[in-house]
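**Student:** quick one: sequence and predicted model below, then my questions.
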Amino acid sequence: MSDVFTKSSSVSSVITRTAQNKKAGKFSPSFGVRHGLIKDPNWPPAEFPEHGTAASRRFRRVNLAFGVELRGEAVKVTGDVSEGGAMFLLDRKVETRHVDIVVKGHVARAEVLSASKKGAEFAHHCRFIDSAEALPVWEAVASS
C-alpha cells in the first residue's frame, strides 16, 4: 500500500494542458487567454448601472419631482419612481404608513417601508400597494 502523504513517482504534480497542435505547446489557461489561444469567457464585460445597488433592482427608477399627499396635505418632493414603488426626500420623517404618490394627475397609494437620514433630509422608501392602480402613474413617469 502506498503512503498518501508522500509523492509517488507514478503521480505527476504538474497539470499539463496542450493546444490542438504542437506549435502552441503546453500553457496555462491564463497564459492562453492573455495570448489569444483561448477565448476569454468574460469578454466583453457586462455593462453595469451607474449606481451600485441599481444592479439588484427589479424595476428601473426615474428621478423626477412629483407630489405626495400626506394625510390630506399635498407636498412637492424630489426623488425617484419605478413601476414597483417610489423614494422621496422630505425635510421631516413621515409618521404615517401610507401615502399617495401623485404624478401628472395620476394617483397611486403606497406603503412606506422605511425612512433613513440622507444629508439634511429623510429618504422615504415606498412600495405601491396595488400594481394596477400604479400602472397609470408609471406610464406618466415613462412618458415624461
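**Tutor:** Perfect, I can see it now.

**Student:** what lies in contact with stretch 78-92?
**Tutor:** 57-66, 68, 75, 77, 101, 103, 110, 113, 118, 120-128, 131, 134-135, 137-138, 141 (C-beta atoms under 8 Å, 6 or more residues apart in numbering). Where you see a C-beta, it was placed from the backbone N, CA and C, and this is true even at glycine.

**Student:** how about the CA coordinates for that stretch, as CSV?
**Tutor:** In CSV, the C-alpha atoms belonging to stretch 78-92 read as follows (Å, rounded to 0.1, in the frame of the first residue of the first chain):
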residue,chain,number,x,y,z
THR,A,78,-38.0,65.1,-5.3
GLY,A,79,-36.9,61.5,-5.6
ASP,A,80,-37.4,58.6,-8.0
VAL,A,81,-40.4,56.5,-9.1
SER,A,82,-40.3,53.0,-10.5
GLU,A,83,-43.0,50.6,-11.6
GLY,A,84,-42.9,49.0,-8.1
GLY,A,85,-42.6,52.0,-5.8
ALA,A,86,-41.0,55.3,-5.1
MET,A,87,-38.4,57.1,-3.0
PHE,A,88,-38.9,60.7,-2.0
LEU,A,89,-36.9,63.2,0.1
LEU,A,90,-38.6,65.3,2.7
ASP,A,91,-37.4,67.6,5.4
ARG,A,92,-39.1,65.6,8.2
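
**Student:** what are the buried residues along it?
**Tutor:** 79-88, 90 (16 or more other C-beta atoms under 10 Å).

**Student:** I'd like these as JSON lines, with distance to G32 appended.
**Tutor:** Output for the buried residues of stretch 78-92, formatted as JSON lines (distance: C-beta to C-beta, whole Å):
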{"residue": "G79", "distance to G32": "49"}
{"residue": "D80", "distance to G32": "45"}
{"residue": "V81", "distance to G32": "48"}
{"residue": "S82", "distance to G32": "43"}
{"residue": "E83", "distance to G32": "44"}
{"residue": "G84", "distance to G32": "44"}
{"residue": "G85", "distance to G32": "47"}
{"residue": "A86", "distance to G32": "49"}
{"residue": "M87", "distance to G32": "47"}
{"residue": "F88", "distance to G32": "52"}
{"residue": "L90", "distance to G32": "56"}
